[in-house]
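**Q** sequence unavailable; structure follows:
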C-alpha cells in the first residue's frame, strides 16, 4: 500500500535506510535533552537549540524553530516536555512546506510546447554528474525523452562519465570534448532536444567556484544561448550539494545563489552522514525548495524529495 499518497513502501524503506545515521544521532541527542524534563522551559529550549545546531540545521534556522516552538508552547499551553518531539516535528514540516518542498514521489515534468530545460550547477565532488545520470535514468524510466548536454568541458571525467550514462540508459549526449565552449554545448543540446521533440534536456556545467566572476559570466552566457532558442529557459537551475559536508554545503549554496538564479536543490550523499539536518537549514535559509535527495548508490536511491516522508523518517523510533 502506498504511503503519503504516491510514496511507495520501497522508497520509504530506502529513505529510512539512507537517513539512519542522521536519525540515530538526532534522536539520540533529542532524547538526552528532554530526559527527565517535566516542562518546556528555557533550559529545555536551550538544550533543544544545542541539539539542532549540532545536527547541522544551522544557527539561523535553529533560532527560528526555537522561537516558533516557544510561541506555540505558550499559546497552546504545552507543558509536557515529552510532547516536544511532536512540536519539533510539526515545525520542521511547516518550514519545508513554506519553502515549497513537495510531497511528490514521481519524476514528473510540466506540460510544455518545448523541451523542459534543466541547467545543473555545483562544485566538483558533490556528485553532480552522477546526479544528472540518475535523473536522466529516472526520467527515461518514466517514459520521457531525455537529452544530455556535457557542458562541464574543463574536466575530462565529467564528459566521459556523462557519455557512459547516456550509453547505459540509451539516450543522446551532446558533447564537444574537452576545453570547448560550454555555451556552445548547451546550444547544441537544446537544438537536438527541440528537433527530436524531447521532454527534457539536462545540461551539466563546470564545477568550480574559485573565481566567481568568470563563473557568473559563464553561467550567464549559457542561459543567454539557451533563451535564444527557448524563451524563458532554462526552466530550472538545479544546485547539487553534498549533504555530508554539513555547513560547507550552506557556504556553497550561498556562493552559487550569488552566481546564478538557483531554483531548486538536490542534496546528495545523505546515506553516509549524520548531517542530514542540513536539508532543513539550506531550504529555510535560501528559500529554495529541495527537489531531490540522494540516499544511496543505486539509481532509485535518488528520490524526489517528499517532505512528509523525510520528517517521518527523521523522527521514526
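**A** Received it, and whenever you're ready, just let me know what you need. Treat the numbers as computed from the prediction; the structure is a model and nothing was measured.
**Q** the strands in the stretch 101-250 of the chain, which residues?
**A** 116-121, 146-149, 173-174, 200-204, 236-242 (DSSP state E, counting those that start in this stretch).
**Q** nearest residue to residue 88 other than its sequence neighbours?
**A** By the measure of CB to CB, 6 or more residues apart in numbering, the closest residue to residue 88 outside its immediate chain neighbours is residue 69, 6.6 Å from it. Quick note: C-beta positions are derived from backbone N, CA and C, even for glycine.
**Q** residues touching that neighbour, list them.
**A** Applying CB atoms under 8 Å, 6 or more residues apart in numbering, one finds that residue 69 lies in contact with 40, 45, 48, 84, 87, 88, 91.
**Q** quick one: the fourth one and residue 41 touch, right?
**A** No - distance between residue 84 and residue 41: 10.9 Å, which falls outside the contact criterion (CB atoms under 8 Å).
**Q** these two: which is more packed in?
**A** When residue 84 is set against residue 41 and neighbours are counted by other CB atoms under 10 Å, the residue ahead is residue 84, at 22 against 13.
**Q** low-confidence bits of the stretch 1-150 of the chain, can you list those?
**A** Along the stretch 1-150 of the chain, segments meeting pLDDT under 70 span 1-7, 78-79, 81, 101-105.
**Q** where exactly do the helices run in it?
**A** Secondary structure of the stretch 1-150 of the chain (DSSP state H, counting those that start in this stretch): helices at 9-18, 20-34, 42-54, 59-75, 84-98, 128-141.
**Q** just name the most buried of those.
**A** Neighbour counts averaged per stretch over those are highest for helix 128-141, at a mean of 22; criterion: mean count of other CB atoms under 10 Å.
**Q** residue nearest the centroid of this protein?
**A** Geometric centre of the chain, nearest residue: residue 266, 2.2 Å, by CA atoms, centre = their mean.
**Q** before we move on, back to that, make CSV from the helices of the stretch 1-150 of the chain and add distance to residue 201 to it.
**A** Putting these into CSV (distance: least, CB to CB, whole Å) gives the following:
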stretch, distance to residue 201
helix 9-18, 26
helix 20-34, 34
helix 42-54, 39
helix 59-75, 34
helix 84-98, 29
helix 128-141, 10
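**Q** looking at these, spot the one closest to residue 303.
**A** Residue 303 lies closest to helix 9-18 among these, at 6.0 Å (CB to CB).
**Q** low-confidence stretches in the stretch 151-300 of the chain?
**A** The stretch 151-300 of the chain contains residues with pLDDT under 70 at 208-213.
**Q** where do the helices of it begin and end?
**A** Counting by DSSP H, counting those that start in this stretch, the stretch 151-300 of the chain has helices at residues 156-169, 182-195, 212-229, 247-259, 278-286.
**Q** how about the fourth one: buried residues?
**A** Across helix 247-259, burial judged by 16 or more other CB atoms under 10 Å covers 247, 249, 250, 252, 253, 256, 257, 259.
**Q** do the same with the first one
**A** Across helix 156-169, burial judged by 16+ other CB under 10 Å covers 158, 159, 161, 162, 165, 166, 169.
**Q** please name every helix or strand in contact with it.
**A** Packing partners of helix 156-169 (3 or more CB pairs under 8 Å, 6 or more residues apart in numbering; DSSP states H and E): helix 128-141, strand 146-149, strand 173-174.
**Q** which residues touch it?
**A** 128-130, 132-133, 136-137, 140, 146, 148, 150, 152-153, 172-173, 175, 177-178, 204, 207.
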